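Asks: dropping the sequence and predicted coords here.
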Protein chains: 2
Amino acid sequence: MPEQYVPTVVIVGAGFGGLAAARALRNSPTRNIVIDRENHHLFQPLLYQVATSVLAPGQIAAPIREILGAQENTTVVVGEVVGIDKQECCVIVDAPHRKGVAVHYDYLIIATGATHSYFGHDEFAKFAPGLKSLADAVAIRNKILQALEQAETEESPADCQDLLTFVLVGGGPTGVEMAAALAVFLRSVRKEYRRIDLTSARIILVDAGPRVLGPFADRVSAQAQKRLEQLGVEVRLGHAVDVIDEGGVVVNGQRISSKTILWTAGVLPSPAGKWLAASTDRGGRVKVGQDLTVEGHPEIFVIGDTSFLEQNGRPLPGVAQVAMQQGAYTGDVIFSRISGKPAPPPFHYFDKGNMAVVGKGYAVLQSGSVQLCGFQAWLIWAFIHLRYLAQPSLRISVLTQWLWTYFTGQRGSRLLIRHHGMQEAHVGEAESASAGTR
Amino acid sequence: MPEQYVPTVVIVGAGFGGLAAARALRNSPTRNIVIDRENHHLFQPLLYQVATSVLAPGQIAAPIREILGAQENTTVVVGEVVGIDKQECCVIVDAPHRKGVAVHYDYLIIATGATHSYFGHDEFAKFAPGLKSLADAVAIRNKILQALEQAETEESPADCQDLLTFVLVGGGPTGVEMAAALAVFLRSVRKEYRRIDLTSARIILVDAGPRVLGPFADRVSAQAQKRLEQLGVEVRLGHAVDVIDEGGVVVNGQRISSKTILWTAGVLPSPAGKWLAASTDRGGRVKVGQDLTVEGHPEIFVIGDTSFLEQNGRPLPGVAQVAMQQGAYTGDVIFSRISGKPAPPPFHYFDKGNMAVVGKGYAVLQSGSVQLCGFQAWLIWAFIHLRYLAQPSLRISVLTQWLWTYFTGQRGSRLLIRHHGMQEAHVGEAESASAGTR
């Protein structure tokens, strides 16, 4: 009896899309290979809570191997995809120790997401880090904590004010959530600094558009902005940032001096379009058909933030929900093709709604015709975010931390972690010290 | 009415000793300044659990400002002490933005601890990192996780075996705890790797002495070694490591190929002896009198790992208990001097005993004539360690994590966190991709 051929499904990226696809192929007669350059799945919507010291990195990320450990038809590879050979049906993977390993696929799912875009101003990156990975979040946390420590020992009042001025560029959900969380954070640690007065700290949120939370309804945006202003955040709309440098930003011809600038504006898809030499939209997203495959390649699927598909004449937004639904759909398509079942109907995105947290116990929510602002929306937000965390252990740990922080104001992970390179200095100094007393 | 002079107590280092001193001065009529180069107090005895992915950095560290936040006579400065001017009664502090700030003291408590010593082989540092700070623990965690990922994609069986060979240099408590924890870790993730067989992994613990856990009784050492061997750890005693390089170590003329070498051997005191130009022991510890002050300077106290004091003809060990008792004692001395009370009796160390964990639910313990090995000792260990964690929130969070890991085997923080420097590459690639489709 001839052995039956087991097709290989390669899934590139273990974000919301890739993980949903892998899970949908849990029981399929395939060999699945999940490739990611990180060893963990990251719950990006809570990244701003790591950046503001509430949660630890380990509370919003779980090892991909652990998540998929019980799924025996699935292998995990930690490595970075650098290219795709469509003719030979291979993805090219660089691991730290070995470059250019070719991994064969019968079906390929590309779910490589997006990073932040500086709209052609790459020189901004140095002064205004973005928030997409755990490393970013820890770097931003360090930057904020360091600014407060410097301010506490700074003699010049002007320099002190610059250190206590935080500029956030981009008024989307990340910018709004981050600005509000930062305001709450500064309030909660106010008493622990003896020299500086944190009530004089400024948080400035800049956006080129006419309102914050662009994708939300006018009324919801207005509520969010009102709440931000109640928290002491200065909202500046209608002008893009012209300059970002060491000393601050320039907006509408006016310079704002600041030592801490964060970037939450543009989104840039992964280079999947280049790997595939495929047709993309202006932003670089790969155009896919109604079954999420690339034209001429029914075996290649592109999903999530790195793909482009219109529904009712409008492009699908780059949000977790779209990626998850597309991942599950893709798994179904492959499963049905292999088992000879009829193909599922074309992909249709079901928009469950949008939410954003604006400070402690307050969120805005919009779902269909429902609009909700306040504590009730925050409860729903909290419930849904806990629900979608990858592992039960994370749900328990994040819930416990939220309750603790809510009632005590104490943060879970307010750490400046730095290498000091002291080893060598100490060795030398101690040796001379002991030599001196011999 | 003339204002009363408020003396300034400067405490350098917020480890166990410095924190105990600061707390002892909680109600004293002094102005206390705690200086540390980190913003957090670190619970070093649990560092090995961060290195083996059980706990997150934030679970064993708490911001110094938070710990001392309610203590209104105490200020925290994050900066690095680089020298002491005994004549002018100043410590010289470097902060990242300002060098050489002089901080005046009336009383000075130096509690700057120790780092690891490579016994004059500083070239080992590059290949065999030590475990003293959170940054160290995260680096070692990364190294271990990276080795497993590389092994999983490695083609050559010999290279794979090198990646699965872990050498720990130093059979003291840290080395023993780390070796056992690593064995338990490798067992718990065995099923998640599809290609490599983690039962073939080797953990080798090397020590120059005749037995592990030198400071413990013979019988306890023997029990610990037996337990290590049951966990699969190879214990090699009686020979120091001669060479450490990229390819592995050489012990007793024999080369052991390994890609992951960890250093838990020597201890090197901070350069306090040099700052003070004071008399030190051969290792560089500052010799102090029975009241923990430096000869000729009754206003300068040196405590913990960086001080040298004999009791019953033997030097006090460099352990947390000594530092804590000395910190509290120093606070009392200063308090009584200021308030004109009689000086406390000479410092006397009360040794409550030693403990070391050897894998899951097993510890060895020695206290006076009591020797205990097994689960009961582990319960005592767990209770005491939770008791001494700095903050209630950490106790809850560590206990929860331990219970979770004990019953599920899942770790709290198995994360490889890396910066990818992808931003620039993506920008360039995406731009050319979108240009190509215009």
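Replies: Alright, I've got the coordinates. Numbers count the residues shown, from 1 in each chain, chains lettered A, B, ... in the order given.
Asks: not counting sequence-adjacent ones, nearest residue to A:Gln391?
Replies: A:Ala62 (4.6 Å; CB to CB, 6 or more residues apart in numbering or on different chains). Where C-beta positions appear, they are placed from N, C-alpha and C, glycine not excepted.
Asks: report how many residues lie close to A:Gln311.
Replies: A:Gln311 has 14 neighbouring residues, counting by other CB atoms under 10 Å in any protein chain shown.
Asks: coming back round to it: SS state for the residue nearest to A:Gln391?
Replies: The three-state label given to A:Ala62 by DSSP: H, G, I helix; E, B strand; the rest coil is strand.
Asks: for it, list each beta-bridge partner.
Replies: A:His41 (DSSP bridges).
Asks: tell me the pLDDT at it?
Replies: We have a pLDDT of 90 for A:Ala62.
Asks: before we move on, what about A:Arg438?
Replies: pLDDT, read off for A:Arg438, is 26.
Asks: next: A:Ala425.
Replies: Looking at A:Ala425, its pLDDT reads 32.
Asks: report the beta-bridge partner residues of A:Ala102.
Replies: Under the criterion used (DSSP bridges), A:Ala102 bridges to A:Ile92.
Asks: how about low-confidence regions in the stretch 101-250 of chain A?
Replies: Nowhere does the stretch 101-250 of chain A drop to pLDDT under 70.
Asks: would you map the strands across it?
Replies: A:101-104, A:107-110, A:114-117, A:165-169, A:202-207, A:233-237, A:241-245, A:248-251 (DSSP state E, counting those that start in this stretch).
Asks: excluding residues flanking it in the chain, which one is nearest the closest residue to chain B within the stretch 301-438 of chain A?
Replies: Closest residue of the stretch 301-438 of chain A to chain B, CB to the nearest CB: A:Ser413 (3.4 Å). Once flanking residues are discounted, A:Ser413 sits nearest to B:Gly58: 3.4 Å by CB to CB, 6+ apart.
Asks: do the same with A:Val50
Replies: A:Ala137 (3.9 Å).
Asks: what residues are up against that neighbour?
Replies: For A:Ala137, the contacting residues are A:Leu47, A:Tyr48, A:Val50, A:Ala51, A:Pro57, A:Leu131, by CB atoms under 8 Å, 6 or more residues apart in numbering or on different chains.
Asks: ok, 7 Å please
Replies: A:Leu47, A:Val50, A:Ala51, A:Pro57, A:Leu131 (CB atoms under 7 Å, 6 or more residues apart in numbering or on different chains).
Asks: secondary structure added to these, as CSV?
Replies: Shown next, in CSV, are the contacts of A:Ala137 (three-state DSSP):
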residue, secondary structure
A:Leu47, helix
A:Val50, helix
A:Ala51, helix
A:Pro57, helix
A:Leu131, coil
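Asks: report the two of these separated the most.
Replies: A:Pro57 and A:Leu131 (12.8 Å; CB to CB).
Asks: how much space between A:Gln321 and A:Ala21?
Replies: 15 Å (CB to CB, to the nearest Å).
Asks: surely A:Ala139 meets A:Pro129?
Replies: Yes - counting by CB atoms under 7 Å, A:Ala139 does reach A:Pro129; the two are 5.8 Å apart.
Asks: mind checking which of the two has more residues around it?
Replies: Higher neighbour count among A:Ala139 and A:Pro129: A:Pro129, with 21 against 15, using other CB under 10 Å.
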